[in-house]
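Asks: Here is my input; please provide its structure:
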Amino acid sequence: MASSKKPASSDLLQSVSDRLHAQLTPGRHVTVALSGGVDSVVLLHLLHRLQRERAFSLSAIHVNHQISPNAADWAGFCGALCAKLHVPLVVKNIRVPRRSQAGLEAAARTLRYRAFAELDTDCLLLAHHLDDQAETVLLNLLRGAGVRGAAAMPEVRRQGEGAPIVRPLLEVPRAALLAYAKRHRLAWIEDESNLDAAFTRNYLRHAVLPAIEQRFPAYRQTLTRAARHFAEADSLLDELAAIDMASVARDGQLKLALLQEYSPVRAKNLMRAYFASQGMPALDADRLDEWLRQLVGARGDSRMELGVAGLVLRRYRGEIWIEPDTPCPAADWQITWRGERELALPELGGRWSMIPVQGEGLSVAKLGAAPMTLRLRQGGEKLKPDCGRPRKTLKHLLQEAAIPPWQRERLPLLYRGETLVAAPGIGIDCAYQAAPGEPGLWLAWVLTNTQ
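Replies: As a prediction, this is how the structure comes out:
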């Protein structure tokens, strides 16, 4: 647990140096998110001091949300500060929608982190401190957050392929940062919105937490300690979900028969992890309970569809599928194939490929000069992919191949004139198959809009 004693200037410098030991190495590029407030100004000043002895590259980024009438002045302040310290600065101007369903604060945060993710840097440093962490824990609990939300802000956060985000001041109280800024005669700006009690966080900061501090003076440290406990519990839940995913998931689909063997609590934990792995946004507790009830409670042969955020969840043959909810193309859709090796067909949600092979696949010679087209299934089509077996209806072949119904509606079929030549995932008609040693084309249909 962090001490409540305000660290001296040298102690603060050493603390940041220790926490960033792996990041502050010669040749590494480190970027500070600079708002102009006292917290980020102190962090930039600390990193500037450390740069002299650690030989890393330092830069800063300022995100101008263009909300406050003073936003341009703040950007100017950050520019002047970085020029004085000889630190390169990137200014990102973003426009936050005023009527976002998530709220102004949440919308601004989303766009801010999107700008961070575009940075060309090895590490991004944020100046969140002990008070921020305590506020976040309490705020998330009051909003009914689960274990992950109660864990608040991690010290290190990975953002996909982007640079990791590190918060080296999470155990430092704001009072210590103010003392450092005054000791080093630093200037900073004050965001007037921080005094607006209409924002929930400001209400907690100015009206609730001072009252709590009178009775629980160490509340910052204890709430932060609780956040670490929640983070450990969340990590264990992630590990359990990974174990369960390895047992229950196959090729991106979830096997319901295996999921039904789990307790409801364990099943929900797995579903959260599965939804996240498939790009689906987190569901609230009530919706997750209802979806799980429908999925595991439906009859074995029943089909269902549930939509959220442009995605659709389907139950088919005892499996759960998640794909983008794209409209079905017109039944008379068709295009001419002129021998292209690659055709992107976004309206069908995939990519058509023809790969040259020898002695297998589609015979180049047998295609001749007749017009070739790609079309959709109309019903009644027949194909003979196995020369030793009778011709079958395409419907029967698609069922045998276990291709889901919604994918059958978007499956491009290759025609020579009015004759069905090939169906991806099913095969090539016997009459058009390449002979041994003959040049052929291997047909591939790759779905590009699945998660």
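Asks: Okay, helices next: where are they in the stretch 51-200 of the chain?
Replies: Remark: helices assigned in the stretch 51-200 of the chain by DSSP state H, counting those that start in this stretch are 71-85, 104-117, 130-142, 147-150, 174-183, 200-203.
Asks: Now for the chain, the helix or strand with the poorest mean pLDDT.
Replies: Between all helices and strands in the chain, the lowest mean by mean pLDDT, DSSP states H and E belongs to strand 304-308, at a mean of 77.
Asks: next helix or strand past it?
Replies: Where DSSP states H and E defines the elements, the next helix or strand beyond strand 304-308 is strand 311-316.
Asks: Buried ones in stretch 134-153, by neighbour count?
Replies: 134-140, 145-153 (16 or more other CB atoms under 10 Å). Any C-beta I mention is one placed from the backbone N, CA and C, and that applies to glycine too.
Asks: ok, residue 203 touching residue 194?
Replies: No. Between residue 203 and residue 194 there is no contact under CB atoms under 8 Å: 11.5 Å.
Asks: Distance from stretch 250-262 to the middle of the chain?
Replies: 23 Å (CA atoms, centre = their mean, to the nearest Å).
Asks: Check stretch 306-324 too.
Replies: Worked out by CA atoms, centre = their mean, stretch 306-324 lies 18 Å from the chain centre.
Asks: quick revisit: for the least confident helix or strand of the chain, C-alpha coordinates in CSV please.
Replies: What follows is strand 304-308, C-alpha atoms only, in CSV (Å, rounded to 0.1, in the frame of the first residue of the first chain):
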residue,chain,number,x,y,z
MET,A,304,-32.4,-17.9,-33.1
GLU,A,305,-30.9,-14.5,-33.9
LEU,A,306,-30.0,-11.7,-31.5
GLY,A,307,-28.6,-8.4,-32.6
VAL,A,308,-26.5,-5.7,-31.0
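Asks: Report the buried residues of it.
Replies: Within strand 304-308, the residues scored as buried using 16+ other CB under 10 Å are residue 306.
Asks: Then stretch 14-27?
Replies: 15-17, 19-20, 23-24.
Asks: which one among those residues gets closest to residue 234?
Replies: Using CB to CB, residue 19 is the member of these that sits closest to residue 234, with 21.1 Å.
Asks: so what's the closest one up against?
Replies: In this structure, residue 19 makes contact with 155, 166, 168, judged by CB atoms under 8 Å, 6 or more residues apart in numbering.
Asks: The helix or strand in which residue 228 is found - what's its average pLDDT?
Replies: Secondary structure from DSSP H and E places residue 228 in helix 219-248. On average, the pLDDT along helix 219-248 is 94.
Asks: Nearest the geometric middle of this structure, what residue?
Replies: Nearest to the geometric centre of the chain sits residue 279, at 6.4 Å (CA atoms, centre = their mean).
Asks: So it sits against residue 309, correct?
Replies: No. Under the criterion of CB under 8 Å, residue 279 makes no contact with residue 309, lying 9.1 Å away.
Asks: how many neighbours does residue 197 have?
Replies: Neighbours of residue 197 under the rule other CB atoms under 10 Å: 12.
Asks: show me the contacts for it.
Replies: 203, 206-207.
Asks: Can you list phi and psi of it for me?
Replies: phi -70, psi 0 (degrees, to the nearest 10).
Asks: and it, how far is that from residue 191?
Replies: Between residue 197 and residue 191 the distance is 14 Å, computed by CB to CB, to the nearest Å.
Asks: what do you get for residue 312?
Replies: Residue 312 is 41 Å from residue 191, by CB to CB.
Asks: Equivalent analysis for residue 35, please.
Replies: Applying CB to CB to residue 35 and residue 191 gives a distance of 8 Å.
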